[in-house]
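[1] One predicted model, sequence on top.
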Amino acid sequence: SIAAGIVAILVSHNLSRAVLHWTLLSVSLLNCLLSTACSVGLALAIALTVHGRGTHLVRGCNSSALPADARTAIATNDCPFNTTRIYDTALALWFPSLLLAAAEAVLSGRSCLVALVFQGIGPCAHSYGKEQV
């Protein structure tokens, strides 16, 4: 992840542990928030697309020849793209993207928890401090 890369760069510059821990915490928290926002956005896009049967995907095509269901739409001269596969293609790309964004959010959240433990915050922080002494 991005947090691991930044921490590796900082380690190569021989910075103090405190700087590394705070950097890991801030970068992993930011990455977790962004990944969560992406997951929510993709889930909303999928829900709206399925609910509207893909009509929002071809809304820019102002053709009366387009049916209400985008899955049965035909390519017309009024549309700059072939509308026959837009519904299936969008969903086929959005589902794996949603899963990957959710996995990234979970992994970034775990990195954030590790950074909190390094700072002495959290349920495992006391046992970590004793192991270091």
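    Received, thanks.

[2] Can you mark which positions in stretch 20-40 are buried?
    Along stretch 20-40, these residues count as buried under the neighbour rule (16 or more other C-beta atoms under 10 Å): 20-21, 23-25, 27-29, 31-32, 35-36, 38-39. The C-beta positions use only the backbone N, C-alpha and C, and glycine is treated the same way.

[3] Likewise for stretch 43-52?
    Under the neighbour-count criterion of 16+ other C-beta under 10 Å, stretch 43-52 has A45, I46, T49 buried.

[4] for the chain, what helix or strand is lowest in average pLDDT?
    Per-element confidence for the chain was summarised using mean pLDDT, DSSP states H and E. The lowest value among helices and strands belongs to helix 125-132, with a mean of 54.

[5] now the buried residues of stretch 43-52 as CSV including distance to A115, pLDDT and secondary structure?
    As requested, the buried residues of stretch 43-52 are arranged in CSV below (distance: C-beta to C-beta, whole Å; pLDDT from 0 to 100; DSSP: H, G, I helix; E, B strand; the rest coil):
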residue, distance to A115, pLDDT, secondary structure
A45, 31, 89, helix
I46, 32, 90, helix
T49, 37, 84, helix
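
[6] just these now: which is nearest L99?
    Closest to L99 out of these is I46 (11.3 Å), distances taken as C-beta to C-beta.

[7] Give me the nearest residue to the closest one, chain neighbours excluded.
    Setting aside the residues directly before and after it, I46 is nearest to W94 in space (C-beta to C-beta, 6 or more residues apart in numbering), at 5.3 Å.
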